Structures are given as C-alpha cells and as structure tokens.
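# sequence and predicted structure are below.
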Amino acid sequence: MSDRTFRCRVVTPAESLLDEPVEYANVPLWDGLMGFQHGRAPIVAKLGIGELKLHFPASTHGGADRSFFIDSGFVQMSDGELIILAEHAQAAETIAESDAQKELDEAERLQPDPDAPDRGFEADRIRRARERARVRLRIARHSRAKGI
C-alpha cells in the first residue's frame, strides 16, 4: 500500500464484502457522515443507515469510486485499517431499482400496530424501514445513472 492508502474491510455477519486498499472512505455514522483518510487517529463509532462511498487508488481500480448500502453496526479505524462491521451491507451495483422501489412502497404502507406495548418502538421501527428503503432506492438510482 502507498502512503496515501489504508486497508478497508467491509464485513457483515454473513460475509466479507471487501478487503482492499482505499484512499478515502465516507462512512454513514448514526449522527452524520465521517470521512477517513490515511493517518486518521484511531476511533470507534456507531454506524447508521446510509451510503458508504469508497475511493480507490489509481493503481488498483484506476481511481474509481464504489458505494455500498450500510445499515447499523460499528466502524473502527486503527493502525492504518478501517473495519466496517455492518449488520447489513450491500454493494450498490447489486441493488435493483425495482426491488428498492417495491421495498419503499411497502414501507410507506406500514402502519403502527395498535396493540403494540411500546408505541415509541413501533414508530421507530416504521421510520427505520422507510429510511432504509429510501436510501437503498437512492443508491440504486445513483449507481444506474453512473452506469454501474
């Protein structure tokens, strides 16, 4: 790896999606986006729902960018390595726009269960389902527009 890159790993409970050197990572945290570059101080943070954007060095992918849908988990940067431990992650190029639109339509139809013992939890569950679907649809449309 060059002095401008760092190792980036994207891992879910089911699989390892990526293990490559990158020059920059824009990570969706629970409270906003955070950028990572080589030499970043160590940190552990909670992931949110959003788009992980990675910029690869010219030597490996011609300086290309790649995106992933990320939902919950943790990120750790230490010793020149960024590890993204996501509960759910999916490469942008594998998200079908039609599936994402269907997921959003279904999420928009969700209604709170009137018998739910915790109305706040129920409202949060519906909000997160809608947010997840909106982000997945946005990522699918963006990757299609880029020709991925």
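Arrived safely. Residues are numbered from 1 along each chain as shown.
# give the other helices and strands that the one helix or strand residue 134 maps to contacts.
Element membership of residue 134 [criterion: DSSP states H and E] is helix 119-145. The contact analysis (3 or more Cβ pairs under 8 Å, 6 or more residues apart in numbering; DSSP states H and E) places helix 119-145 against strand 43-55, strand 65-78, helix 97-109. Heads up, the C-betas are built off the backbone N, CA and C, glycines and all.
# can you list those in a markdown table and add mean pLDDT?
As requested, the helices and strands packed on helix 119-145 are arranged in a markdown table below (pLDDT from 0 to 100):
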| stretch | mean pLDDT |
| --- | --- |
| strand 43-55 | 97 |
| strand 65-78 | 96 |
| helix 97-109 | 96 |
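# what would these look like in TSV with mean neighbour count and distance to residue 136?
Converted to TSV, the helices and strands packed on helix 119-145 look like this (neighbours: other Cβ atoms under 10 Å; distance: least, Cβ to Cβ, whole Å):
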stretch	mean neighbour count	distance to residue 136
strand 43-55	18	9
strand 65-78	19	5
helix 97-109	14	4
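# so which of these is nearest residue 16?
Nearest of the helices and strands packed on helix 119-145 to residue 16, taken as Cβ to Cβ: strand 65-78 at 12.4 Å.
# send the alpha carbons of the closest one over as PDB?
C-alpha atoms of strand 65-78 as PDB (Å, rounded to 0.1, in the frame of the first residue of the first chain):
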ATOM      1  CA  ASP A  65     -15.300   5.000  -6.700                       C
ATOM      2  CA  ARG A  66     -17.500   2.300  -5.300                       C
ATOM      3  CA  SER A  67     -20.600   2.500  -3.000                       C
ATOM      4  CA  PHE A  68     -22.300   0.200  -0.500                       C
ATOM      5  CA  PHE A  69     -25.600   0.400   1.300                       C
ATOM      6  CA  ILE A  70     -24.900   0.200   5.100                       C
ATOM      7  CA  ASP A  71     -27.300  -0.400   7.900                       C
ATOM      8  CA  SER A  72     -26.200  -0.300  11.500                       C
ATOM      9  CA  GLY A  73     -23.100  -1.800  13.200                       C
ATOM     10  CA  PHE A  74     -19.700  -0.300  14.100                       C
ATOM     11  CA  VAL A  75     -16.700   1.200  12.400                       C
ATOM     12  CA  GLN A  76     -13.100   1.100  13.800                       C
ATOM     13  CA  MET A  77     -10.100   2.900  12.500                       C
ATOM     14  CA  SER A  78      -6.700   1.900  13.900                       C
END
